[in-house]
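1. Need coordinates for the below:
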Amino acid sequence: MNHRERVLAALEHREPDRVPRTASLTPGVLDEFCRRTGQDDPAAYWEWDLASVGFRPPAPAPDLLARYGHYFRDLDIEWVLDWEKSHYPVEWGVATRPAHFWHLSAPIAPLRNATSLADIEAFPFPDYITEWRHDHLEAEITRLKEAGYAVTASIGWIFQTAWTIRSQPGLFADFYDNPEMADALLTRITDIRIAQAVRLAEAGVDMISLNDDIGSQKSMIISPAMWRRWLKPRLAAVIAAIHRVNPRIHFRYHSDGWLMPVIPELIEIGVSSLITVQPESMDVFEVKRLYGDRLCMEGTIGLQSELMHGTPDDVRRMIKAQCDGLKPGGGWIASPGNGVTPDIPWENLAAMFEALEEYGGY
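-> All right, here's what the predicted structure looks like:
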């Protein structure tokens, strides 16, 4: 099988020739990869199976300070709003407070001081369809498919975008005290995500993903009831819009942490792959047993356990156990649960891919 055939087989709960695999390396780890291997492309070196496309920033980019700078005039702390230096999506007016800790930093919400619906309505939301560049998508997708890759694209976030714009305390308070503000903000974001998703679906991607952390380590960030009230209908609307264009497109949903109570409802509204099934929070083998015939699992390789604290032999044993338990019937794409950070020993990262090569065949 080529990469595309392998990934689509896994998503469709057929057994491919080997387990599809992928990963995301943070900048420090990518530097270490280049130093250790003498190569510059980990996807080619470790034979990752997914390729991604996406919208490109405007050229020339808008003047962010003119558009959003007034939202931060009251601050006397370091903040950045820059296409090159920011870690958060600047097109949404979210500033970055540098933390000087690897790739990590903190967002500063432009609407943290909002008090009325008028403040939400006056906010300059981005327009990906008219401002951003996407004329390249069809040609790039065709090229990647012809090269044998399954093509995925991300449309970002809904919940996370809302709280990075409004602040987490502000959004959570709005759910109770100012529901019209929360509704207006989430609806506007959802409409933008639908427009992005439809454009990508029309361009011909195989998969579309949305990343919205709703789980913490041992519980959900918001209750299942609040998730059903505020987020489930909007996620369902995005998936329905995609499937009106092409019902064969697979929808991949990311959340870290514990989200067992809502997995059946994610399946119900059309999620076909869950990224991440975090083993420190959920039993990956239980998720496979309960939902493995309807849900593809990704991100089952934890970053807080063997990969960080174990030896290479510990990592190999963990990978063998996951291969034994998660391979049957397809429905598994092997990957770490999130971006690999520099506190993961290089030897363990290498052992992970060596073990997937050794034990991942069908």
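2. what comes up buried for stretch 245-260?
-> Going by neighbour count (16 or more other Cβ atoms under 10 Å), the buried part of stretch 245-260 is 249-260. All C-beta atoms are positioned from the backbone trio N, CA, C, and that covers glycine.
3. Now tabulate those residues in a markdown table and tack on distance to Q278, secondary structure and pLDDT.
-> Below are these laid out as a markdown table (distance: Cβ to Cβ, whole Å; DSSP: H, G, I helix; E, B strand; the rest coil; pLDDT from 0 to 100):
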| residue | distance to Q278 | secondary structure | pLDDT |
| --- | --- | --- | --- |
| I249 | 25 | coil | 98 |
| H250 | 21 | strand | 98 |
| F251 | 19 | strand | 98 |
| R252 | 15 | strand | 98 |
| Y253 | 13 | strand | 98 |
| H254 | 10 | strand | 97 |
| S255 | 9 | coil | 96 |
| D256 | 6 | coil | 94 |
| G257 | 6 | coil | 96 |
| W258 | 8 | coil | 97 |
| L259 | 9 | coil | 97 |
| M260 | 11 | helix | 98 |
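4. quick one: which two of the residues you listed are the most distant?
-> Pairwise distances across the buried residues of stretch 245-260 peak at 27.7 Å for I249 and W258 (criterion: Cβ to Cβ).
5. quick one, what contacts K218?
-> Contacts for K218 (Cβ atoms under 8 Å, 6 or more residues apart in numbering) come out as 257-258, 281.
6. isn't there a strand covering it?
-> No - per DSSP: H, G, I helix; E, B strand; the rest coil, K218 lies outside any strand segment and is coil.
7. pLDDT at it, what is it?
-> At K218, the model reports a pLDDT of 94.
8. how near is it to Q304?
-> 13 Å (Cβ to Cβ, to the nearest Å).
9. Same question for A237.
-> 34 Å.
10. More neighbours: those two, which one.
-> Taking other Cβ atoms under 10 Å, A237 and Q304 do not tie; A237 has more neighbours (18 against 15).
11. List the buried residues for whichever helix or strand that one is part of?
-> Using DSSP states H and E, A237 sits within helix 232-245. Judged by neighbour count (16+ other Cβ under 10 Å), helix 232-245 contains these buried residues: 232, 234-239, 241-242.
12. can you put these in JSON lines and add pLDDT and distance to E32?
-> Below are these laid out as JSON lines (pLDDT from 0 to 100; distance: Cβ to Cβ, whole Å):
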{"residue": "K232", "pLDDT": "98", "distance to E32": "40"}
{"residue": "R234", "pLDDT": "98", "distance to E32": "39"}
{"residue": "L235", "pLDDT": "98", "distance to E32": "36"}
{"residue": "A236", "pLDDT": "98", "distance to E32": "41"}
{"residue": "A237", "pLDDT": "98", "distance to E32": "42"}
{"residue": "V238", "pLDDT": "98", "distance to E32": "36"}
{"residue": "I239", "pLDDT": "98", "distance to E32": "38"}
{"residue": "A241", "pLDDT": "98", "distance to E32": "41"}
{"residue": "I242", "pLDDT": "98", "distance to E32": "37"}
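13. Which of those sits closest to G292?
-> For those, the nearest to G292 is I239 (20.3 Å; Cβ to Cβ).
14. Going by residue numbers, what spans are helices in the stretch 51-200 of the chain?
-> Secondary structure of the stretch 51-200 of the chain (DSSP state H, counting those that start in this stretch): helices located at 64-68, 117-121, 137-146, 159-166, 168-177, 179-203.
15. Tell me which of these sits nearest to S335.
-> Among the helices of the stretch 51-200 of the chain, helix 137-146 sits nearest to S335 (Cβ to Cβ), with 18.5 Å.
16. Quick check, central residue of this protein?
-> Centroid-nearest residue in the chain, with Cα atoms, centre = their mean: N211, separated by 3.7 Å.
17. What are the neighbouring residues in contact with F251?
-> 207-210, 239, 242, 270-273.
18. let's see 10 Å
-> By Cβ atoms under 10 Å, 6 or more residues apart in numbering, F251 lies in contact with 197, 207-210, 235, 238-239, 242-243, 266, 269-273.
19. which other helices and strands contact the helix or strand of the chain with the lowest mean pLDDT?
-> When the helices and strands of the chain are scored by mean pLDDT, DSSP states H and E, strand 95-101 comes last with a mean of 82. Packing partners of strand 95-101 (3 or more Cβ pairs under 10 Å, 6 or more residues apart in numbering; DSSP states H and E): strand 104-108.
20. relative to helix 159-166, how tilted is the least confident helix or strand of the chain?
-> Angle, strand 95-101 to helix 159-166, by axes from the mean of the first three to the mean of the last three Cα atoms, to 10 degrees: 110 degrees.
21. before we move on, back to that, and the helices of the stretch 51-200 of the chain: which comes nearest D41?
-> helix 137-146 (14.4 Å).
22. Residues in contact with the closest one: which ones?
-> Applying Cβ under 10 Å, 6+ apart, the set of residues contacting helix 137-146 is 2-4, 50-56, 134, 136, 149-153, 199-200, 202-206.
23. and these, which of them are in strands?
-> Residues from the contacts of helix 137-146 lying in strands, with DSSP state E as the criterion: 50-53, 150-153.
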